[in-house]
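# what would the 3D arrangement of this be:
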Amino acid sequence: MPILENRAAAEAALRAALPRGSVSLRTRADGDFSAVLPDGTRKALHLAWAGYGYPRDVERTLRDERVIDARSKEDLVVIAARTLSDGARQLLRSEGLSWLGLDGSAELRLGTVWVDRDGSRTNPALRPAIGWTRGRADVAEALLAIMAKREPERPGADDVPEVEALADLSGRSLGTVANTLASFDANGWTARGRQSRSRIVANAPALLDSWAMWESTQRRRFDGYHSIHREPQRVIDDLSAAFGRSLILTGAAASEEIRPMLTGSWVVTAYVDTTDGWPGVDLGTGRAKMIPAAVPRIRLAPASQVIVKTRGPGHRTWVSSPARTYADLLDGSERELEAAEAFRELALRQFS
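The predicted structure is shown next:
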């Protein structure tokens, strides 16, 4: 079944997609559904969750033992996701499986009941379950950065750090951190730990999904610039010369250092560690004689405290934390969205 955060939304989307009176669904004790079709046939129905709905998400879901078992028994199987990419839809069609998105799209083949629906990417069901604010997001980013450095198999990998440590990394007050963790408890992302007054991360994938989705939809202003080079590595060399060790690569520029998979040209996105904010960025771009561009090859923004404090060493300069890199990939092109899921599997294993 879908992870806890998305179970209710996926079930609601399935019921909404079915024509009234066509299929009767009842939840079984094992979490699957009993579906009664129009001709009276009763079939088990397994609803599986595939994250953001890219091909890699679907492939990972199809390898799930519960999906494999349901298919071997010829149960009805429906794959749910936030929204299904064209590649994911083609994959599911080739497998003969039904699917639906929280955006209202659906392609269901349940006996004699066939449903084909287009969806809207602005569907309210896609909104994060928590009321995110900049402060809460900074605390989450600090927590995600700490967890990404841990080996998932080792004891204590899911322990939530002390409030003071999160406050130091995020640049937020102790009160903001405490209130944020309380909201995570309410969402089921964190829970009471093994020791008195301790916490553990109870649902790391859901926390990353919600935070990254919120971050990727924010109007974080990156300024765009032209470059005479088409080769991204040449662009990065020029940026390193202009900004030195204050440059922090993110998005594709960071993920390509860990797992190269993009060919051709892509936009180089980076943050600049400057105490002056935008004037500091403008000073560097002016010194390098960089020209603003409406369709840029370079995107720059000043780095927040949490981005600076959670950065790590790259091959030639700093790179943002894995969680920040992932969120900025989600804010990119279609190719960067595909790269995001490959990057997540490699660098954010405990969140997959």
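# what sits against the closest residue to Ala140 other than its chain neighbours?
Leaving aside its chain neighbours, Ala140 sits nearest to Trp211 (4.5 Å; criterion: CB to CB, 6 or more residues apart in numbering). The way it works is simple: take the backbone N, C-alpha and C, and place the C-beta from them, glycine included. Listed by CB atoms under 8 Å, 6 or more residues apart in numbering, the contact set of Trp211 reads Pro128, Trp132, Ala137, Ala140, Glu141, Leu144, Ala323, Ala327.
# could you rerun that using 10 Å?
Contacts of Trp211 were listed using CB atoms under 10 Å, 6 or more residues apart in numbering, and they are 128, 130, 132, 136-137, 139-141, 143-144, 189, 323, 326-327.
# my guess is Ala206 meets Asn6, correct?
Yes: applying CB atoms under 10 Å, one finds Ala206 in contact with Asn6, separated by 7.4 Å.
# count of residues packed around Val308?
Residues contacting Val308 under the criterion other CB atoms under 10 Å number 19.
# next one: it, what pLDDT does it get?
Val308 carries a pLDDT score of 97 in this model.
# thought it was touching Arg245?
No: between Val308 and Arg245 there is no contact under CB under 10 Å: 11.3 Å.
# which residues do these two both contact?
Asp273, Trp318.
# quick one on the thing from earlier: in CSV: the contacts of Trp211, plus neighbour count.
Shown next, in CSV, are these (neighbours: other CB atoms under 10 Å):
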residue, neighbour count
Pro128, 16
Ile130, 20
Trp132, 20
Arg136, 22
Ala137, 23
Val139, 27
Ala140, 28
Glu141, 26
Leu143, 29
Leu144, 25
Trp189, 27
Ala323, 27
Tyr326, 29
Ala327, 27
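# list the buried residues in stretch 205-214.
Under the neighbour-count criterion of 16 or more other CB atoms under 10 Å, stretch 205-214 has Pro205, Ala206, Leu207, Leu208, Asp209, Ser210, Trp211, Ala212, Met213, Trp214 buried.
# now, the residues you listed that are in helices?
Using DSSP state H, the subset of these located in helices is Pro205, Ala206, Leu207, Leu208, Asp209, Ser210, Trp211, Ala212, Met213, Trp214.
# the third one touches Thr190, doesn't it?
Yes: if you go by CB under 10 Å, Leu207 and Thr190 touch, sitting 7.8 Å apart.
# got any residues that touch both of those two?
Counting by CB under 10 Å, 6+ apart, the residues touching both Leu207 and Thr190 are Leu143, Phe184, Val201.
# now, which of these lie within helices?
Filtering the shared contacts of Leu207 and Thr190 for helices - DSSP H - leaves Leu143, Phe184.
# any idea which of the shared contacts of Leu207 and Thr190 is closest to Ser170?
Each of the shared contacts of Leu207 and Thr190 was scored against Ser170 by CB to CB, and Leu143 proved nearest at 8.4 Å.
# chain neighbours aside, what residue packs nearest to that closest one?
Nearest non-adjacent residue to Leu143, counting by CB to CB, 6+ apart: Leu166, 6.2 Å away.
# now Asp75
Leaving aside its chain neighbours, Asp75 sits nearest to Ala44 (4.2 Å; criterion: CB to CB, 6+ apart).
# distance from the chain centre to the strand or helix carrying that neighbour, please.
Take DSSP states H and E as the rule and Ala44 turns out to sit in strand 42-49. Relative to its parent chain, strand 42-49 has a centroid offset of 25 Å by CA atoms, centre = their mean, to the nearest Å.
# and that strand, what does it pack against?
Applying 3 or more CB pairs under 10 Å, 6 or more residues apart in numbering; DSSP states H and E, we find strand 42-49 packed against helix 4-17, strand 24-27, strand 33-36, helix 55-62, helix 65-72, strand 76-81, strand 98-101.
# if we go to 7 Å?
helix 4-17, strand 33-36, helix 65-72, strand 76-81 (3 or more CB pairs under 7 Å, 6 or more residues apart in numbering; DSSP states H and E).
# residues making contact with that strand?
The contact list for strand 42-49 (CB atoms under 7 Å, 6 or more residues apart in numbering) reads 1-3, 6, 10-11, 14, 25, 32-37, 61, 64, 66-67, 70, 75-80.
# narrow these to those that are buried.
Applying 16+ other CB under 10 Å to the contacts of strand 42-49 flags 1-2, 6, 10-11, 14, 32-33, 35, 37, 61, 67, 70, 75-80 as buried.
# contacting residues around Asp75?
Residues in contact with Asp75 (CB under 7 Å, 6+ apart) are Lys43, Ala44, Leu45, His46.
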